[in-house]
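Colleague: 3D, please:
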Amino acid sequence: MKFSPRMVRLCLTLVAILTILIASVSFLASTLTPTATPTQTSFAIPTQRNTAGKLGWSSGYYVGWLQGTYPPQTIPWKDFTYIIHFSLKTNRDGSLMYTHGMTPAFMQVLVAEAHKHNVKALLSIGGDDDQNWDGACSSASRTTFVNNLVSTMQTYGYDGLDLDIEQDWGYPVYTDYTACIQQLRSALDKITPRPTLTMAVIPEWQAFQASHAWQYVDQLNMMSYGTDASKIGNLINNFTSRGFPKSKLGIGIDFVSDANTSWCGGLAQYAVNNGVGGIMEWVITEDQSQHNGQTPCLDAVSPYVPVH
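Modeller: Model (predicted):
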């Protein structure tokens, strides 16, 4: 069968059009194919977890005003994974106030000794006498405040920060409170190794406030002082009922009033058995001062502390 020149040209034109159509369909298919959704990493990834009969952490508060009496060399370091150095305070303009006995020399010595024992040192900001958070965290002062926190942490070599915010402002949305913690978390996440961010909270009234920002911190340590293992579940429920994971919660022990073997060991065991993240100890030197140099409370907690 013979084809006329006109038919040949027509066939070639149809082939060319068909080729273009096939290429166009392939391109559209490739652009419309669903791609995997990027994994969103949490702002705060716990550095330790409660596993194998051990606490996720043991975070002890070491206060500046007693550092001269109990120098860092006297701390029983094996009983802690974190030492929280208490504390500086906020100023309304975003600057920091050296108070509670804290000095640059004390800060340098504490950090050096902690690192000698493979314990992380955190710098605490705040306290029940610090009511300037609303000013420091305001939109006008927030960036200055965050920059000062990060700069001071890095200057003295701390491994992270602890926020002791005992001021209720901005209810019910807590805009500045949330933005302040979020901005601090974002600044810390730019640092390698990634600094730890912890927060102390009052369980009786602060769970709702903290529910706006828990995702930005690694530890939420409850000031559950005066509460033994038989009652601690009620306070934990204040947080878990609002979506807090138990793995981020720490049970607080006040060595000033709770320092006895039964309470301390019982609370540590409760944390391990019930999937609570860890233990926080307030004024660790009080265990020694109240027991003639002995440390019965820390001795009771010690079997549950991860080896470091």
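
Colleague: Please list all residues in contact with the nearest residue to residue 243 once chain neighbours are set aside.
Modeller: Closest residue in space to residue 243, ignoring its immediate chain neighbours: residue 211 at 6.7 Å, by CB to CB, 6 or more residues apart in numbering. No exception for glycine: its C-beta is placed from N, CA and C like everyone else's. Under the criterion of CB atoms under 8 Å, 6 or more residues apart in numbering, the neighbours of residue 211 are 239, 242-244.

Colleague: the strands in the stretch 1-150 of the chain, which residues?
Modeller: For the stretch 1-150 of the chain, the strands defined by DSSP state E, counting those that start in this stretch cover 57-63, 82-90, 96-98, 120-126.

Colleague: mind giving me JSON lines with these and columns for mean pLDDT and distance to residue 149?
Modeller: As requested, these are arranged in JSON lines below (pLDDT from 0 to 100; distance: least, CB to CB, whole Å):
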{"stretch": "strand 57-63", "mean pLDDT": "98", "distance to residue 149": "18"}
{"stretch": "strand 82-90", "mean pLDDT": "98", "distance to residue 149": "9"}
{"stretch": "strand 96-98", "mean pLDDT": "98", "distance to residue 149": "7"}
{"stretch": "strand 120-126", "mean pLDDT": "98", "distance to residue 149": "7"}
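
Colleague: Turn the ones you listed into a markdown table, including distance to residue 134 and mean neighbour count.
Modeller: Output for these, formatted as a markdown table (distance: least, CB to CB, whole Å; neighbours: other CB atoms under 10 Å):
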| stretch | distance to residue 134 | mean neighbour count |
| --- | --- | --- |
| strand 57-63 | 24 | 26 |
| strand 82-90 | 9 | 25 |
| strand 96-98 | 15 | 16 |
| strand 120-126 | 12 | 25 |
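
Colleague: looking at these, which is closest to residue 281?
Modeller: For residue 281, the closest of the strands of the stretch 1-150 of the chain is strand 57-63, at 4.3 Å, according to CB to CB.

Colleague: just how off-centre is that closest one within its chain?
Modeller: Distance of strand 57-63 from its chain centroid, counting by CA atoms, centre = their mean, to the nearest Å, is 14 Å.

Colleague: for it, packing partners?
Modeller: Applying 3 or more CB pairs under 8 Å, 6 or more residues apart in numbering; DSSP states H and E, we find strand 57-63 packed against strand 82-90, strand 219-222, strand 278-282.

Colleague: Note down every partner strand of the shortest one and its orientation.
Modeller: Read that as strand 219-222. strand 196-201 (parallel), strand 249-254 (parallel) (DSSP bridges).

Colleague: got the CA coordinates for the last one in PDB?
Modeller: Output in PDB follows, covering the C-alpha atoms of strand 249-254 (Å, rounded to 0.1, in the frame of the first residue of the first chain):
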ATOM      1  CA  LEU A 249       6.500  15.500  85.100                       C
ATOM      2  CA  GLY A 250       8.800  15.400  88.100                       C
ATOM      3  CA  ILE A 251       7.600  14.800  91.700                       C
ATOM      4  CA  GLY A 252       9.000  17.400  94.100                       C
ATOM      5  CA  ILE A 253      10.400  16.700  97.500                       C
ATOM      6  CA  ASP A 254      11.100  19.500  99.900                       C
END
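
Colleague: what angle do it and strand 278-282 make?
Modeller: Here strand 249-254 points in a direction 30 degrees away from that of strand 278-282 (axes from the mean of the first three to the mean of the last three CA atoms, to 10 degrees).

Colleague: buried ones in strand 249-254?
Modeller: Neighbour-count burial for strand 249-254, counted by 16 or more other CB atoms under 10 Å, picks out 249-254.
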